[in-house]
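Peer 1: any chance you could fold what I've pasted below:
(one chain, ligands or ions: 1)
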Amino acid sequence: MRRIFVAAAMLTLGVSAQAAAQEVTLRAVSSFAEKTTYSRGFEHFVERVNTDGKGVIRINYIGGPKAMPPFEVGNALKNGVVDIANVTGAFYTNLMPEADAWKLTQRPMAELRKNGGFDYMQKLYAQKLNAVFLARLVDNNPFHLYLNKKIDKPDLTGLKLRITPVYRDFFQKLGATVVQTAPGEVYTALERSVVDGYGWPITGIFDLGWHERTKYRVDPGFYSAEVSVLINKTTWDKLNDKQKAVITKAAQDAEAAAVADFTKLNATDTERQAKAGIQVIKFDAAGSKKFYDEAYAAGWEGVIRQSPEHGPKLKGFFSK
Ligand code: 173
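Peer 2: Numbers count the residues shown, from 1 in each chain. Next up is the predicted model:
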């Protein structure tokens, strides 16, 4: 009897020692500044994994753009310099131009996960980025054009605008001159009048003080901003089932919450912009339609030009 107890105790000890030894720590970065709008969802995800995953898996959040420039995050993820990244497709088009097509989705992620669109993208993430797409943390969050010069029709001729790949084809098609910068350089570009305006979603302009340097917002908004959690595929394949389960559950819950979270945030920030004195530029009905339709037409033209093989397929899955 005594011997059985001892054996059982040793077994228990053995198992827990083994479990402790198996706790894995993953390195993570965000391509947006810490504790701002587009990092917050990710930071909650990290907390959740670290709570649920005690003794099993831990995420070491290194930080935002101070730790790594946003346009280098894709490469760092691909090469395993980091294991997990909070990043938008526009920041790694050098490796995977198709990722920028997320902005053009007109169907919710839950539907894309069923209609084949998500699976199609997931294969491209494996091939081109050596990554696994875990969760879209931002959706239902339109982009806008913010300006310091007034316009009255969808014609951007003579304007110099700050962009990322999200807005490039659209703004150029309407006649603008464009200059790409990371979000961290927008304030200075506005302050020095290097640009007449910038592309950015409806939420988040207060995070870095841009409202102080913004006179107008052009409506309507267009596209649906995307920021997602990705994990290096080599890292993912090495995790055991328990570790994967912690990550998967946190990812599913985070993605499911995104649409409702942004419905609220969109309303709050729209009101806050009005209170900050940012005036809304609205075109007439024909002008608004042209602006909106051109956004999608130019967006898809750009994706298909950069990826003639996959672009048309993605358009089929993502569009309405
Ligand atoms: O404007 C940007 O930097 C950009 O492309 C983006 C994408 C998603 C969310 C916020 C900004």
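Peer 1: and Thr203, what is it in contact with?
Peer 2: If a contact means Cβ atoms under 8 Å, 6 or more residues apart in numbering, then Thr203 has 37, 141, 262, 265-266, 268-269 as its contacts. In short, each C-beta sits where N, CA and C put it, glycine included.
Peer 1: for it, which three-state class applies?
Peer 2: Put simply, Thr203 is coil when judged by DSSP: H, G, I helix; E, B strand; the rest coil.
Peer 1: just list what whichever strand or helix holds Asp253 packs against, helices and strands only.
Peer 2: Element membership for Asp253, per DSSP states H and E: helix 241-275. Here helix 241-275 touches helix 37-52, strand 57-63, helix 109-115, strand 131-138, strand 227-232, going by 3 or more Cβ pairs under 8 Å, 6 or more residues apart in numbering; DSSP states H and E.
Peer 1: among these, show me which one is buried the most.
Peer 2: Greatest average neighbour count among the helices and strands packed on helix 241-275 goes to strand 227-232 (a mean of 26), per mean count of other Cβ atoms under 10 Å.
Peer 1: can you give the distance of that one from its chain's centre?
Peer 2: A distance of 8 Å separates the centroid of the chain from that of strand 227-232, by Cα atoms, centre = their mean, to the nearest Å.
Peer 1: follow-up on the earlier one: which of the contacts of Thr203 are buried?
Peer 2: 37, 141, 262, 265-266, 269 (16 or more other Cβ atoms under 10 Å).
Peer 1: can you name the residue of this protein nearest the ligand?
Peer 2: Of all residues in the chain, the one sitting closest to the ligand is Thr164 (3.6 Å; Cβ to the nearest ligand atom).
Peer 1: I figured that residue hits Val87, correct?
Peer 2: No: if you go by Cβ atoms under 8 Å, Thr164 and Val87 don't touch, sitting 11.7 Å apart.
Peer 1: who has more neighbours, those two?
Peer 2: Val87 (27 against 23; other Cβ atoms under 10 Å).
Peer 1: what parts of this structure come near the ligand?
Peer 2: Applying Cβ under 6 Å from any ligand atom, we find that the chain lies next to the ligand at 38, 88, 90, 164, 166, 183, 199-201, 225, 227.
Peer 1: which ones among the residues you listed map onto helices?
Peer 2: Among these, the members found in helices (DSSP state H) are 38, 166.
Peer 1: what's the closest of the residues of the chain next to the ligand to Pro70?
Peer 2: Pro183 (7.0 Å; Cβ to Cβ).
Peer 1: so what's that closest one up against?
Peer 2: 32-33, 65, 70, 200, 208.
Peer 1: pull the most distant pair out of the residues you listed.
Peer 2: Taking Cβ to Cβ, no two of those sit farther apart than Pro65 and Trp200, at 15.3 Å.
Peer 1: who are the packing partners of the following helix or strand past the helix holding Asp253?
Peer 2: As assigned by DSSP H and E, the chain's next helix or strand after helix 241-275 is strand 279-282. In terms of contacts (3+ Cβ pairs under 8 Å, 6+ apart), strand 279-282 is packed against strand 216-222.
Peer 1: so what are the sheet partners of the strand it packs on and their directions?
Peer 2: strand 143-147 (antiparallel), strand 279-282 (parallel) (DSSP bridges).
Peer 1: using PDB, write out every CA atom in it.
Peer 2: Presented in PDB, the C-alpha positions along strand 216-222 are these (Å, rounded to 0.1, in the frame of the first residue of the first chain):
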ATOM      1  CA  TYR A 216     -11.300  67.900 -42.400                       C
ATOM      2  CA  ARG A 217     -12.500  64.300 -42.700                       C
ATOM      3  CA  VAL A 218     -13.900  63.200 -46.100                       C
ATOM      4  CA  ASP A 219     -17.000  61.000 -46.000                       C
ATOM      5  CA  PRO A 220     -17.900  58.300 -46.900                       C
ATOM      6  CA  GLY A 221     -15.400  55.900 -45.400                       C
ATOM      7  CA  PHE A 222     -14.300  53.000 -47.500                       C
END
